[in-house]
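In: Below: sequence and its predicted model.
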Amino acid sequence: MHKFKIISIALGFVLLLIIGLMYFQPQPDEFNDIPSVKEVATIEHAYKPVPDFTQFTQVRDKKEAFFSYLKPVAEAQNDYIRNVRLYVQGLQAKQLAGEDFSRKQQAEFDWLLNEYRVDTSQSFDAIFTELFRKIDIIPVELVLVQTANESGWGTSRFATKGYNFFGLWCFREGCGFVPSRRPDGAAHEVAKFDDLSSAMYAYMRNLNSHPAYKDMRRIREKSRMNQKPITAHAMAEGLIRYSERGEEYIDELHHMMRINEELINP
């Protein structure tokens, strides 16, 4: 009898322990934080000095080195964007179920609205529609030809000294490099970054949030709605305002995609 009583008491303690662990275990929502850019970009060379692409005497070797350097960081950033989309889907499901966001979720939601320049005067449905339109991947092929075009295949001083392969501007004094040909009275500088990861994040966020590229985002959204692949060729059509060269710039990107397809996707 005593043996059975001891066993019963022990089982009772185990049961209480299990219930306690279930009760106090953090809920899944607590783990759905938006990771920082540096947590996402675990590519080691993203934090090292930019390679000297002028050392290559063969054009093919130079292009292969360039794509090998940029491609993994672009892919890592797209993985981050996919994770954020999933997170937003979770928030949307919670909102549709009539559940309140936790304080952490609300703070992250507010951060996203600000980060992606979302009009908060809209209905919740419209806000989520705009978030999904803006928080989406940029095809790696498009990233690679744009970076090659904007940086002279990684040889510009903005790329080699500040990881700016993208021609991104900033508007705070001392935020970057003063262009040698900046017109009198202009205040912009060419942005400078501490590493390739943060530069890639800024570039993709710019494409995904700036009003100038809304046509690009509409093209991507239409592809998703029609269950078609999101392609670099189609999205490039929406970047006519990325360069003063307009249609000539788009034609150049398309040409670069064609001649470098084998190297981009070996």
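Out: All right, it came through fine.
In: Before we move on, what's the pLDDT of M1?
Out: At M1, the pLDDT value in this model is 46.
In: now S102
Out: Looking at S102, its pLDDT stands at 89.
In: Tell me how many other residues crowd it.
Out: Neighbourhood size, S102 [other CB atoms under 10 Å]: 14. Every C-beta, even on glycine, is put in place using the N, C-alpha and C of the backbone.
In: same deal with S198?
Out: Around S198 there are 17 residues (other CB under 10 Å).
In: Tell me the secondary structure at it.
Out: Secondary structure assignment for S198 (DSSP: H, G, I helix; E, B strand; the rest coil): helix.
In: let's have the chain start at 46 instead
Out: With 46 as the first residue, the last one maps to S243.
In: measure it to E120 for me?
Out: From S243 across to E120, the span is 16 Å (CB to CB, to the nearest Å).
In: next one: E307
Out: 18 Å.
In: Look at the two and report which has more neighbours.
Out: E120 (15 against 8).
In: for the stretch 96-245 of the chain, what are the low-confidence residue spans?
Out: In the predicted model, the stretch 96-245 of the chain carries pLDDT under 70 at residues 219, 221, 223-225, 227-232.
In: how about the biggest helix by length in the chain: buried residues?
Out: Longest helix in the chain, counting residues (DSSP state H): helix 104-141. For helix 104-141, the neighbour count (16 or more other CB atoms under 10 Å) marks 107-108, 110-112, 114-119, 121-123, 125-126, 129, 132-133, 136-137, 140 as buried.
In: Not counting its neighbours along the chain, what's nearest M301?
Out: V190 (4.1 Å; CB to CB, 6 or more residues apart in numbering).
In: which other helices and strands contact the helix or strand the one you found falls within?
Out: Taking DSSP states H and E as the criterion, V190 maps to helix 185-196. For helix 185-196, the contact count by 3 or more CB pairs under 8 Å, 6 or more residues apart in numbering; DSSP states H and E identifies helix 104-141, helix 241-254, helix 277-281, helix 292-309 as packing neighbours.
In: Check which element follows that helix along the chain.
Out: For helix 185-196, the following helix or strand on the C-terminal side (DSSP H and E) is helix 202-207.
In: Parallel or antiparallel, list what pairs with whichever helix or strand comes after that next one.
Out: Note on helix 202-207: by DSSP H and E, the next helix or strand toward the C-terminus is strand 214-215. Applying DSSP bridges, strand 214-215 is found paired with strand 234-236 (antiparallel).
In: got the buried residues for the partner strand?
Out: For strand 234-236, by 16+ other CB under 10 Å, it's 234-236.
In: between those residues, which is closest to D145?
Out: D145 has its nearest neighbour among the buried residues of strand 234-236 in A236, at 38.2 Å by CB to CB.
In: I figured the closest one hits Y208, correct?
Out: No - A236 is beyond contact range of Y208, at 9.2 Å (criterion: CB atoms under 8 Å).
In: shared neighbours of those two, anything?
Out: A244 (CB atoms under 8 Å, 6 or more residues apart in numbering).
In: who's in contact with the residue lying closest to F211 once chain neighbours are set aside?
Out: The shortest distance from F211 to any non-neighbouring residue, by CB to CB, 6+ apart, is to Y248 (4.2 Å). Listed by CB under 8 Å, 6+ apart, the contact set of Y248 reads 188, 210-211, 213.
In: who wins for most neighbours among those?
Out: Counting neighbours by other CB under 10 Å, the top entry in the contacts of Y248 is F210, with 31 neighbours.
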